[in-house]
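> Need a 3D model of the sequence below.
(2 chains)
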Amino acid sequence: MKQAILITSHHHPFKTSATRHFPCISEVRPYAGGLQTTGFSMTTAVSFSKVSRHFGTVRAVDDVDLSIAEGEFFAMLGPSGSGKTTCLRLIAGFEQPTAGHIEIFGTKVENVPPYRRNVNTVFQDYALFPHMNIIDNVAYGLMIQGMGKTERHAAANEALELVALPGYGDRRPGQLSGGQRQRVALARALVNKPKVLLLDEPLGALDLKLREQMQEELKTLQRKLGITFVFVTHDQGEALSMADRVAVFNDGKIQQIGSPQDIYQRPQSRFVADFVGSSNVLEPAFVKQLTGTESYASLRPEAIRIGQPDGHSATVIGSSYLGGTTRVGLALGDMRINALIPADQAVPENGTTVQINWQADELHLMGGKP
Amino acid sequence: MTVPSPVNATNQSSAVLPGQGGWTGSLSDKFWRNPKLLLILMLTPPALWLGIIYLGSLFALLAQSFFSIDEFSGMVQYELTLKTYGELFRPANLDIIIRTVSMAAIVTVGAACVAFPIAYFAARYARGKWKALFYIGVMLPLWSSYLVKIYAWKLILAKEGILNWIFAKLHLTWLLEAWLAIPIIGGYSLSVSYTGTFLVFLYVWLPFMVLPVQAALERVPGSYLEASGDLGATPSQTFRHVIFPLALPGIVAGSIFTFSLTLGDYIIPQIIGSSRLFIGQAVYAQQGTAGNIPLAAAFTVVPIVIMGFYLWGAKRMGAFDAI
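Residues are numbered from 1 along each chain as shown, chains lettered A, B, ... in the order given. Sure, this is the predicted structure:
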C-alpha cells in the first residue's frame, strides 16, 4: 500500500502552478519520445564539426562531428575518460576546442566565454554556493542580469515549484539531501531559460530509487519546457530510458549515434554491443554458418531461448538470480554468451547441455567492425 | 564461498583474540571502553596551563587596570576605580590609541590586498613543486630573526639606502620626495616616516594573512567558479559574489593576526618611523620607566576591546557563515 502511494506521487512530480515565469509549461509538447529526429524542428541547437580537444598527448575529444536538434533530449553515453564530459564542457565554454568548430543555434562560439553563452549547466557535484540560501542560489543568474530582488525571487520561487521544492528558499544547501540539491541545481539552471541545458551526470550521486524517480521527472520536465537537454551519463539504462537520441563515446570518438532502439538492438560495433545492454557478440565464423556472411553479429541476451527442442547445443556454466530475470552463462562452442530468462522459468544445472535458439531477425550483423 | 585463510593459525579457534600483552595492552582496552577518560587525560595539562598560567596572569594584569597610582608617592593604590581608564582619554593617550588603531587598520587592508593574489595563485594554480615553493617563500621570512629583518629594513629605507638609490637610478627621486613631503605619512626619509613603519609591518605580518586566505580559497571547488560563469557572471562578478565571500573567513582570520599583532607591537615603531608612541610602546614605557602598572594595564585592555568589537562586527557581516 505504502509502495503504491509512493509510486503515484512519482508519476506526478511536477504538478505545479508555475506558469508565469515558465509560460511554455501550459502547452505540453507532443510526445516525441523514442522517435527519430524527424519529430523535432529542424533547427540545429548544437553542432560540432571536426572538433578535437587535446590535453598534451591525450586526445580527450578526437575529430567529433555531432548535430543536436532543438528540443531534443540528447544523451552522451560512454565509460569514464571517453570524452563525453569534455564534449559537454566544450558546449558550456569551459574548454576551448583544439581544432574544429562548434556552433550553438548557428552562431560560432569559438572564444565566446561561458558567461556570454545562453547555455546553462547542471554540475555533477551541483556546485551550489554554500554562502547563499536556496532562493539566492536559484536567483543567482537573474541577479547577475540585474533583475530586481522582488522580481527575481518570484521567478526563483516558481522555478523551485517547478522542481517540486516550494518553500525551501530560506534553507542552506548543506541542509538539503542529495536529491533536493540536485533539484535546486536544476532550478538554478532553468530559471535563466537557457537555449540548451547541459547535465553532467546529474544523477550519479543519488541512490537507485531516487535516480529512477529523477529520470522520470527530468524527462517529463524536458517535454514540458521543450528546452534542448544534453545529458552526460555512463549509465546505459539512464541514457536509453531518457533520451531521444544517444551518442556512444569511446576513446574520444563517437562510436554510434542513434535512437535508443537503434543503439540497443542494432549496435554497429563490438564496443557498443558490449557497453550498451551487454549484448552477446558472435564470432564471424559462427555467424557465417548461420547467415552465410562472415561478420561479427550481436545478439541480445533476452532474445535467447533455453531448453528448446532444437537449436544449438550449449553448456551451462553459471547462473545469477537478478530478481525479475535470471542470467544464465553459456558456452557456445568457443564463445561465452549470456542469456536472460524469466525468473519463473526453471534454471538448468551447471554443466548440463541445453538446446538454445533465437528468432533469425534478432541477430544483427555489425559489418566489418570488430 | 571460500573463507580467507587466517594469517595466524592459532587464532582460528576463538572468535575473540587474546589481548596484546602487558600493561599497554590493557590500558588500550580501558581507553577503548572509556573514550572520555583519554580525553580528560589529554586535555587536563593544556587546560591547566591555559586556565591558570595563561588566562590567570592575563586577568591579574587586567585587574591592575582598575587600580590607580598615587601621583605624589608613585605607589599603586589598591582600590577599585575607573580613574586610570579616564586617563586613557587624555589627548596625549588618545592620540596614541588613534595612531595605533589607524596603522593596524591600514596594515590589515594592505596585507589583505597583497596577500590575496598570492594566496589565489597558490590555491588555484600551484601544484606539486610550485606549491612547495609557495610555502617556502611565504614561511621563509618567519625563520629569520625579527630584529635582524627590522634593522635590514631600516637600512633599505634609510636616506642612503638601496631604495633611495633605486629611485635615483630610475630618475624618480622627485616622486619619493613628493611622497615624503606629504604631511603625517612623510618625513625626512622613509625610515623615519609612517610610510616606513607601514611597509615594515606589512612585510612582517604578511605570512599571517597569506596562509589563512590560501586555506579558505583551497576549499572553494573549481566548479563553483564555473557555475558562476555558466550562470552569466563575468570574472569580476564571480569574484564579488562567489570568491570574495568564500575567502572572507580566511581574510578575517588573517586580519585578526595582522590587526592584533600591529596593535601590540612596540619594536617596529621604535626602530622605524617617527618617534611618536604606539600602544605597545606606551605599555612598555608605563610599566618600565614610569612605573605606572595600572595605566600600562589599561592600555593593554584597549586592543582586547577593539578586537572584541572587530570580531563581533565581522560575525554580523557574515564573515563566518561559510565556515
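> Next to chain B, which bits of chain A? Give me the list.
A:92-94, A:113-115, A:119-121, A:123-125, A:127, A:129-131, A:140-141, A:143-145, A:188-189, A:192 (CB under 8 Å from any CB of the partner chain). No exception for glycine: its C-beta is placed from N, CA and C like everyone else's.
> Buried only: go through those residues for me.
Among those, the ones that count as buried by 16 or more other CB atoms under 10 Å in any protein chain shown are A:92-94, A:114-115, A:119-121, A:123-125, A:127, A:129-131, A:140-141, A:143-144, A:188-189, A:192.
> What about these, which are in helices?
Among these, the members falling in helices (DSSP state H) are A:Ala92, A:Tyr140, A:Gly141, A:Met143, A:Ile144, A:Arg188, A:Ala189.
> what two of those are the furthest from one another?
Taking CB to CB, the two most distant members of those are A:Ala92 and A:Met143; they sit 20.0 Å apart.
> helix, strand or coil for the residue sitting nearest the centre point of chain B?
Taking CA atoms, centre = their mean, the centroid of chain B lies closest to B:Phe257, which sits 1.5 Å from it. On the three-state scheme (DSSP: H, G, I helix; E, B strand; the rest coil), B:Phe257 is labelled helix.
> Pull the number of nearby residues for the closest residue to it other than its chain neighbours.
Using CB to CB, 6 or more residues apart in numbering or on different chains and skipping the chain neighbours, the partner closest in space to B:Phe257 is B:Phe208 (3.7 Å). Using other CB atoms under 10 Å in any protein chain shown, B:Phe208 has 20 neighbouring residues.
> Just the element for B:Phe208, please.
helix B:194-218 (DSSP states H and E).
> Buried residues, that helix. List them.
Within helix B:194-218, the residues that count as buried by 16+ other CB under 10 Å are B:194-217.
> residue contacts, A:Arg89?
Neighbour list for A:Arg89: A:Glu95 [criterion: CB atoms under 8 Å, 6 or more residues apart in numbering or on different chains].
> Quick check: it is in a helix.
Yes - counting by three-state DSSP, A:Arg89 is part of a helix.
> ok now the one helix or strand B:Ala63 maps to, how far from the chain's centre?
Using DSSP H and E, B:Ala63 falls within helix B:56-64. Taking CA atoms, centre = their mean, to the nearest Å, the mean C-alpha location of helix B:56-64 is offset from the chain mean by 22 Å.
> May I see the buried residues of it?
By neighbour count on 16+ other CB under 10 Å, the buried set for helix B:56-64 is B:Gln64.
> same deal with stretch B:151-158?
Per 16+ other CB under 10 Å, stretch B:151-158 contains these buried residues: B:Trp153, B:Lys154, B:Ile156, B:Leu157, B:Ala158.
> picking that back up, rounded mean pLDDT for the helix holding B:Phe208, please.
Mean pLDDT, computed over helix B:194-218, is 94.
> Please name every helix or strand in contact with that helix.
If contacts are counted by 3 or more CB pairs under 8 Å, 6 or more residues apart in numbering or on different chains; DSSP states H and E, helix B:194-218 sits against helix B:91-124, helix B:129-143, helix B:146-157, helix B:244-264, helix B:268-271.
> Of those, which stretch is the most buried?
Ranked by mean neighbour count, the helices and strands packed on helix B:194-218 are led by helix B:244-264 with a mean of 22 (mean count of other CB atoms under 10 Å in any protein chain shown).
> If A:Asn280 is in a bridge, with which residues?
Beta-bridge partners for A:Asn280, by DSSP bridges, are A:Leu299.
> shouldn't it be in contact with A:Leu330?
No - using CB atoms under 8 Å, A:Asn280 makes no contact with A:Leu330, being 9.1 Å away.
> which of these two has more neighbours?
When A:Asn280 and A:Leu330 are compared for neighbours, A:Leu330 comes out ahead with 25 against 22, by other CB under 10 Å.
> And the more buried one, how far from chain B?
24 Å (CB to the nearest CB, to the nearest Å).
> what about residue 288, how many neighbours?
Assuming you mean chain A. As a burial measure, A:Lys288 scores 13 neighbours (other CB under 10 Å).
> um, chain B though
The local packing of B:Gly288 (other CB under 10 Å) involves 11 other residues.
> tell me what whatever helix or strand A:Val246 lives in is packed against?
According to DSSP H and E, A:Val246 maps onto strand A:245-250. On a contact count with 3+ CB pairs under 8 Å, 6+ apart, strand A:245-250 meets strand A:73-77, helix A:84-92, strand A:253-258, helix A:260-265, helix A:270-275.
> can I get those in CSV with mean pLDDT?
Below are the helices and strands packed on strand A:245-250 laid out as CSV (pLDDT from 0 to 100):
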stretch, mean pLDDT
strand A:73-77, 95
helix A:84-92, 95
strand A:253-258, 94
helix A:260-265, 89
helix A:270-275, 86
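> of all those, which lies closest to A:His312?
A:His312 lies closest to helix A:270-275 among the helices and strands packed on strand A:245-250, at 19.1 Å (CB to CB).
> outside of the closest one, which residues touch it?
By CB under 8 Å, 6+ apart, helix A:270-275 touches A:77-79, A:236, A:248, A:250, A:255-256, A:263, A:267, A:279-281, A:296, A:298, A:366, A:369-370.
> Distance from the chain centre to that helix, please.
The chain centre lies 16 Å from the centre of helix A:270-275; the measure is CA atoms, centre = their mean.
> One more: stretch A:192-207?
In terms of CA atoms, centre = their mean, the centre of stretch A:192-207 is found 11 Å from the chain centre.
> Including distance to B:Val252, could the helices and strands packed on strand A:245-250 go into a markdown table?
As requested, these are arranged in a markdown table below (distance: least, CB to CB, whole Å):
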| stretch | distance to B:Val252 |
| --- | --- |
| strand A:73-77 | 43 |
| helix A:84-92 | 33 |
| strand A:253-258 | 50 |
| helix A:260-265 | 53 |
| helix A:270-275 | 51 |
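> Am I right that B:Leu246 is in contact with A:Pro130?
Yes - if you go by CB under 8 Å, B:Leu246 and A:Pro130 touch, sitting 7.5 Å apart.
> low pLDDT regions in chain B?
Applying pLDDT under 70 to chain B flags the ranges B:1-12, B:318-319, B:321-323.
> Show me which residues of it are close to chain A?
Counting by CB under 8 Å from any CB, the residues of chain B lying close to chain A are B:221, B:223-224, B:226-234, B:237, B:241-242, B:245-246, B:318, B:321-322.
> on contacts alone, who are the packing partners of the helix or strand hosting A:Val64?
A:Val64 is located in strand A:58-69, with elements delineated by DSSP H and E. On a contact count with 3+ CB pairs under 8 Å, 6+ apart, strand A:58-69 meets strand A:44-55, helix A:84-92, strand A:99-104, strand A:228-233, strand A:253-258.
> out of these, deepest packed?
strand A:228-233 (a mean of 26).
> Quick one: residues in contact with the helix or strand that that one is followed by.
Next helix or strand after strand A:228-233 toward the C-terminus (DSSP H and E): helix A:236-242. Residues outside helix A:236-242 that contact it (CB under 8 Å, 6+ apart): A:73, A:75, A:77, A:203, A:211, A:215, A:218-219, A:231, A:233, A:246, A:260, A:263-264, A:275-277.
> Skip the chain neighbours and tell me the closest residue to residue 176.
If you meant another chain, say so; for now it's chain A. Nearest non-adjacent residue to A:Leu176, counting by CB to CB, 6+ apart: A:Val184, 6.7 Å away.
> Correction: the question concerned chain B.
Take B:Leu176 and drop its neighbours on the chain: the residue closest to it by CB to CB, 6+ apart is B:Phe167, 4.7 Å away.
> ok so, going back, and the residue nearest to A:Leu176, helix, strand or coil?
Look at A:Val184: counting by three-state DSSP, its state is helix.
> thinking again about what came up before, quick one, the following helix or strand past the helix holding B:Phe208 and helix B:244-264 angle?
The element immediately downstream of helix B:194-218 (helix or strand, assigned by DSSP H and E) is helix B:222-230. Here helix B:222-230 runs at an angle of 120 degrees relative to helix B:244-264 (axes from the mean of the first three to the mean of the last three CA atoms, to 10 degrees).
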